[in-house]
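# got a sequence here, can you model it:
(chains A and B)
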Amino acid sequence: MKIFFRVIVFSVLTIVLYMLFATQYIPPINPAPPPKEEALNLGAMTMPQFIALGEKIFNGKGTCTLCHNPVVKRAPLLESVAVRANERLKDPRYKGKAKNPADYIEESMREPSAYVVAGFGVTGTNDTVSPMPVITAGAIGLNDVEVKAVVAYLLQLGGAEIPFEVPRGQPVAEKKEGQAAAPAKTGAEVVKKYGCGGCHKIAGEAGAIGPDLTKIGAKRNVEYLRRAVLDPDADIAQGFPGGMMPKDFGDKMTAGEFKLLVEFLAKSK
Amino acid sequence: MATKDERYDKMAYEFIKVSITAYSITAIIGGLLAFSLFMFYPDFMKYMTRLFGPTMLAYALIFFAESASLYIYYYGWHAMHYGFLKWVHLTIGLVLNAVGTMLMFLANSWVTFMLSPGGVDAAGAFQGDIWKVIHNFLWNPINLHRFVANIAYGGSIVGAYAAYRFLSARNETEKAHYDWMGYTANLIAIGALLPLPFAGYWLTAEIYAYSQQMGITLMGGVFAWLFITQAVIIGALFLSANYYLWCGMERSPGAYRYTKYIKYIAGVIAVCFLVWFTPHTLILKPWELKTLGGQYHPFLGPLGIMPAKNTAVNNMLIFTFLSFLLYRRANKIPTVSWAAAGSAIQAAIFIAAILNIVYLGVYYGYFTNTVYKVASSVPQVASTLTVIISCMVIDVLMFKGAKDVGEFRWGKMPQRSQYALFLLAVSFTWLMGLMGFIRSAIRQHWHVYTVMRDNSLDAFTPTIGYAAKVVSIATVIFMAIVIFIFWLSQLSAKKQEDKSKLHPEVIPYEPAAKPLKPETETE
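Sure thing, here's the model as predicted:
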């Protein structure tokens, strides 16, 4: 038993030592919270304000300075990109379609490999492939207005003329996975759109996490079905745990979709 | 089968007995994890189930195959012990390992999909080819890294078991057996630990290749400090492994010839360790910043960059290998005529490799552009591998048919050496938890990177300190379970004596009497 305790004490002491090192010696840096889509009042925005927005995105949400900075030099510096753009457009290695510096900068953000500055390409590709991510997609995901704002900032930084006005439309909303833009037109479409088949057996899909709904209309009335969608935990089906079904379908669906769904379920006999 | 050494058979049987209990606990914890995921992340799990459904089913079926091979392997141990049947038994053992590896690869595909989704479009919709989903960008780098790490980790846990039994051994025979078992397990652990940093470099390079942004978050962003913690733990791993080897020299009567070098090896490893955990950027108060003139220390700052750390870690590996070579030859005198030349060639290879590693580190680290700084790592690794492979080949040939200085004394180890084995197991576990955290944390606010955001109100990326506390609690729980399993294995080997047969004439009823001390062992 003495050995047992010695070993326990030794193990715990080692763990505590590591924990103290990681909590006391390592500086406590809080990772940044996820970037938020800011509501922009484009109607009242002046060009200097638009350029300032571009600078903010360049240093923040766009994460451009992670690579385009003079310390790490992972990517070319962009202070004079507006000036150099004209030379690059004439370079035989240029593969894009831009005709002026503004389009060149925007193109390099959307298609980074259209022109790769010598020495900054992916290793082994002879500077034909850029390691830069497409900034309108993926983790950065700038929208069209944000891209334009960065272009305006970089043009101004290089002392070039800005050949466009502040866009007056609203930014394109981010499209989320599983959410189609148009409302569904039939009950089966509603089922598909909101992924009911992921958990339930319904409309040709065979989810097994929730109850089988292929004959639910024979067992339950319309009032029950309505309640089951809006407040899933009001009645829990026998043999299934509560709290599993999302409670926000009432917020997500349009009134028409909700009606179609309840009718579809009531007819499933 | 190759050495005909019964000790290997005994060790394998003893540990498979322990593994049976560990296996059931693994299944319970796996179930707990799966249910928790479905309960706390229903939408995310729905998405994953829709994509990976067939692989999850395959996982369950392969789990059956693993259970079957495990039970046949264990229960058939004595029924298949000699001749052809032993080969059959060995094959079942290999099948057990192959099936276990398949399980790990499948689970890896789920984890790596979350980091580098493949086979889906930008919105996350399935494109119809499940193989592309499984074979996503980071799948193979993680497969290799975990495969090697599991060997090292398994070795360290067997080492801890052997240490526990060594410390509680009741006689010299037991001590000798568990000493040998601890040594063999440690050898496996360190053997797999040596190539592990290289698998880690490949994984990191692939993360950068997949997404520069993710790579920078990993190595240059808020998580950069985590690698300082990692360096400290790996430093502790190397120091304890070396310490164990040095203690092990006490087993050899001829070790006195080499013990004088140990202090120098220890010194080099300590210096490498210090370089490895020197940070690049310092978090300073304003007045400190003013005094220092920047965020980088004028003398120590240059040691914070990657080429300096690569130089340190490669030298640490080379000197650990040197400890092993000295241990190997501690009790032997070579009989081949070219022994002196062989030793000279080995020394030349060591010196050339060390000079090359230091030169590459200095040149790429301080005389090239940032983009090329990591370029030193591949030739440095090649130098280290050259030393390990070539010197090992020379050593094996040189000490073939060598004379023993005296009788090798298994069990002649100080008790404190066994705590080095415990340190290995605890450090591995803690480090595994920490690296699991960073693997997960570099996704930041994404469940599936770039495809499915974590939009919940409670979502946050923990700080390193917070993660360290969680990892520490998990390690304490894990080690408690492991020590409990070790204790169970001892319990299963004990038999209570039948009081009535020992003393048939006296059967007094004593409610407060102490039970007989169960001491009879089957082994």
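
# report all helices and strands that the helix or strand residue B:360 falls within contacts.
Under the criterion of DSSP states H and E, residue B:360 resides in helix B:339-366. Contacts defined by 3 or more CB pairs under 8 Å, 6 or more residues apart in numbering or on different chains; DSSP states H and E place helix B:339-366 against helix B:306-329, helix B:377-398. For glycine as for every other residue, the C-beta is placed from the backbone atoms N, C-alpha and C.

# export the ones you listed to JSON lines and tack on mean pLDDT and distance to chain A?
Below are the helices and strands packed on helix B:339-366 laid out as JSON lines (pLDDT from 0 to 100; distance: least, CB to the nearest CB, whole Å):
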{"stretch": "helix B:306-329", "mean pLDDT": "90", "distance to chain A": "12"}
{"stretch": "helix B:377-398", "mean pLDDT": "91", "distance to chain A": "11"}
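
# got those helices as JSON lines, with mean neighbour count columns?
Shown next, in JSON lines, are those (neighbours: other CB atoms under 10 Å in any protein chain shown):
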{"stretch": "helix B:306-329", "mean neighbour count": "23"}
{"stretch": "helix B:377-398", "mean neighbour count": "18"}
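
# and those: which comes nearest residue B:150?
helix B:306-329 (19.7 Å; CB to CB).

# next SSE after the closest one?
With DSSP H and E, the next secondary element past helix B:306-329 is strand B:332-333.

# give the rounded mean pLDDT of that following strand.
Strand B:332-333 carries an average pLDDT of 90.

# what is that strand packed up against?
strand B:403-404.

# what's around residue B:463, how many residues?
Neighbour count for residue B:463, taken as other CB atoms under 10 Å in any protein chain shown: 22.

# identify the residues contacting it.
Residue B:463 makes contact with A:28-31, according to CB atoms under 8 Å, 6 or more residues apart in numbering or on different chains.

# again, only this time at 10 Å
Going by CB atoms under 10 Å, 6 or more residues apart in numbering or on different chains, residue B:463 touches A:22-23, A:26-31, B:222-223, B:225-226, B:441, B:469.

# picking that back up, and the helix holding residue B:360, how far from the chain's centre?
Distance of helix B:339-366 from the chain centroid (CA atoms, centre = their mean, to the nearest Å) equals 27 Å.

# again, but for stretch B:92-100
20 Å.

# residues contacting it, please?
Stretch B:92-100 is contacted from outside by B:12, B:16, B:19, B:23, B:62-74, B:76-77, B:80, B:150, using CB under 10 Å, 6+ apart.

# what parts of the stretch 101-250 of chain B come near chain A?
Residues of the stretch 101-250 of chain B lying near chain A by CB under 10 Å from any CB of the partner chain: B:120-125, B:160, B:163-169, B:205, B:208-217, B:220-226, B:228-229, B:232-233, B:236, B:240.

# how does it look with 6 Å?
Along the stretch 101-250 of chain B, the residues adjacent to chain A under the rule CB under 6 Å from any CB of the partner chain are B:122-124, B:167-168, B:212-213, B:216, B:222, B:225, B:229.

# minimum pLDDT in the residues you listed, which residue is that?
Ranked by pLDDT, those bottom out at residue B:222, which scores 72.

# contact partners for it?
Residues near residue B:222 by CB atoms under 6 Å, 6 or more residues apart in numbering or on different chains: A:29, A:31.

# switch to 8 Å and redo it
Contacts for residue B:222 (CB under 8 Å, 6+ apart) come out as A:29-32.
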